[in-house]
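Undergrad: The following block contains a protein sequence and its predicted model.
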Amino acid sequence: MTEPENSEELVPATPPQVERTWQATLKKASPYAAGVAAFLIGLLIFAPLEAYAMLALRQLGASGVHVDIADLSLSVFGRFRAESIKIPFGNETDKQAALKIAEAKGKISTLGILLGDKYDAHAEAVIFSFAKGDFGLKIDSLEITSALEQTKSGGTQKTLNGSFQIEAESAQVTYKENKFLKEEIVIPFLKVTLKATAQQNVLKIDQGEAMGRLINAQIRGSVSMGTQTELSLNIILKPTNEFFEKYQDKDLRTLLKFANVLQDDGRLEFNVRGTMAAPVVEPVTVKSATPPTTP
């Protein structure tokens, strides 16, 4: 017995097709993405940025520059304020040698400082001072713009690269002269400009000028950063007539000529070598002139 010709064949039902569009994937992942975003935002807002900044400064110390800060506040947007900054340069014979800043404020790249490899900043400082042996420097107002970064240079070592600029007003240099004048020399400067570039831990001074009533100064050369910061600097001082008038009772012009260090154009020139902890200052003597007789 045969089946009827109009009998319908049973066809199995097709299972519903799974939706695989990117919209569906995004919809499923959105709760997780929102959770991660909330975690990161909370980390930025509530994380101890000051502690991370201190860690970054310790990494900078590995290159030979140690920075101590008594009080530091840092916002997520890069605004900062620091008090009692100290960078020591002392050794066993001169433990008091240091660079000090009473207060500094400005803006810095938060991400860069947290990662410890980039130091883009604009800062203003007040009461900046530096003391080393018989030499001292004090600046009432200081403005710093930096674009420095540390890049890997084989293995885990990092080198400092970039540039920075310093503008200062109302500066004062002191020096205890114990050979001829036997007194402390105080030299005020109205304005100081310093522009430098860093490459592979070598800091090159492209422009260094200081203008004052008593002396105008220029500085050129380089500073090699490392475990021992090595100096290779040339300093030119140009005393004004007011400077010689101030010390006319000492007959300073004659003393400088007798010491064979006053050049024909009226400048004094010095080469600075050695390290930051133990600098060696050598005057450039006049080669073509014969020292005058003792007055």
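TA: Everything's here; your move.
Undergrad: the helices in the stretch 101-250 of the chain, which residues?
TA: Assigned by DSSP state H, counting those that start in this stretch, the stretch 101-250 of the chain shows helices spanning 110-115, 241-246.
Undergrad: Go through those and find the least confident stretch.
TA: Mean pLDDT is lowest for helix 110-115 among these, at a mean of 62.
Undergrad: name the helices or strands packed onto the strand of greatest length in the chain?
TA: Longest strand in the chain, counting residues (DSSP state E): strand 158-177. Using 3 or more Cβ pairs under 8 Å, 6 or more residues apart in numbering; DSSP states H and E, the elements in contact with strand 158-177 are strand 135-152, strand 183-199. Yep, even glycine has a C-beta here, placed from its N, CA and C like the rest.
Undergrad: Among the ones you listed, which comes closest to residue 67?
TA: Across these, residue 67 has its closest neighbour in strand 135-152 (13.3 Å, Cβ to Cβ).
Undergrad: my guess is residue 274 is in a helix, correct?
TA: No: under DSSP: H, G, I helix; E, B strand; the rest coil, residue 274 falls outside any helix and is assigned strand.
Undergrad: Confirm for me that it is in contact with residue 232.
TA: No: the criterion here is Cβ atoms under 8 Å, and residue 274 misses it with residue 232 at 9.5 Å.
Undergrad: As a check, name the ranges of all strands in this protein.
TA: Using DSSP E, strands in the chain cover 68-74, 79-88, 98-108, 118-132, 135-152, 158-177, 183-199, 202-211, 215-224, 230-239, 268-274, 279-283.
Undergrad: mind listing what's buried in the third one?
TA: By that I understand strand 98-108. For strand 98-108, the neighbour count (16 or more other Cβ atoms under 10 Å) marks 98-101, 104, 106, 108 as buried.
Undergrad: Dump that strand to CSV, keeping only the CA atoms.
TA: Extracted C-alpha coordinates of strand 98-108, given in CSV (Å, rounded to 0.1, in the frame of the first residue of the first chain):
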residue,chain,number,x,y,z
ALA,A,98,73.3,72.2,48.5
LEU,A,99,70.7,73.8,46.3
LYS,A,100,67.6,75.0,48.1
ILE,A,101,64.2,76.3,47.1
ALA,A,102,61.8,77.6,49.7
GLU,A,103,58.7,77.2,47.6
ALA,A,104,57.9,76.2,44.0
LYS,A,105,54.6,75.9,42.2
GLY,A,106,53.4,75.4,38.6
LYS,A,107,52.2,72.7,36.2
ILE,A,108,53.8,69.4,35.2
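Undergrad: partners of it in the sheet?
TA: Next to strand 98-108 in the sheet, as set by DSSP bridges, lie strand 79-88 (antiparallel), strand 118-132 (antiparallel).
Undergrad: can you put the ones you listed in a markdown table and add distance to residue 254 and mean pLDDT?
TA: A markdown table is the format used below for the strands paired with strand 98-108 (distance: least, Cβ to Cβ, whole Å; pLDDT from 0 to 100):
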| stretch | distance to residue 254 | mean pLDDT |
| --- | --- | --- |
| strand 79-88 | 40 | 83 |
| strand 118-132 | 29 | 82 |
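Undergrad: of those strands, which approaches residue 161 most closely?
TA: Comparing the strands paired with strand 98-108 by Cβ to Cβ, strand 118-132 comes nearest, at 10.2 Å.
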